[in-house]
Each structure stands twice: as C-alpha cells, then as structure tokens.
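Asks: let's see this in three dimensions:
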Amino acid sequence: MAIPRVFISSTCYDLKYIRENLKCFIRTLGYEPVLSEEGPIYFDPAMSTQDSCLREVSSC
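Replies: This is a model prediction of the structure:
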C-alpha cells in the first residue's frame, strides 16, 4: 500500500518553523510530507508558482 502524501501549502519564508513542525508531525503519522522547498516538485517556468503547486497537489 502506498504511503499517503500530504501537501503542506503556505508561504515558505515567514512560516518556515511552522512548516518544519508540520513536516515532523506528518512523518510521525507515517505519511510523506510534500513541501515546495524540499523534494522533487517540478516547477514549469512557463507556469506560475501557484499553478505548479496546484498541479502537484493532485499527486497527494
């Protein structure tokens, strides 16, 4: 069975520590956290950052 993926969506820099805490919490639940500043999220330069993130949400 695949591990559930949880997309953490918020601004990155001002909420850095909250995002880090959420990442750790999600891992304690046995899920895979997905953050835009980590991992293999693909950003298409022809798309806005928002649209790239929304496309990634569909895989979570």
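
Asks: can you map out the helices along this structure?
Replies: For the chain, the helices defined by DSSP state H occupy 16-28, 49-57.

Asks: off-centre distance for the first one?
Replies: Between the centre of helix 16-28 and the centre of its chain there are 11 Å (CA atoms, centre = their mean, to the nearest Å).

Asks: now stretch 11-23
Replies: Computed by CA atoms, centre = their mean, the chain-centroid distance of stretch 11-23 equals 11 Å.

Asks: alpha carbons only: can I get it in CSV?
Replies: What follows is stretch 11-23, C-alpha atoms only, in CSV (Å, rounded to 0.1, in the frame of the first residue of the first chain):
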residue,chain,number,x,y,z
THR,A,11,4.0,30.9,2.3
CYS,A,12,7.5,29.4,2.8
TYR,A,13,9.8,32.0,4.3
ASP,A,14,7.7,33.7,7.0
LEU,A,15,6.2,30.3,8.2
LYS,A,16,9.5,28.3,8.0
TYR,A,17,9.3,27.0,11.5
ILE,A,18,5.7,26.1,11.4
ARG,A,19,6.2,24.2,8.1
GLU,A,20,9.1,22.3,9.7
ASN,A,21,7.0,21.4,12.7
LEU,A,22,4.2,20.2,10.4
LYS,A,23,6.6,18.2,8.4
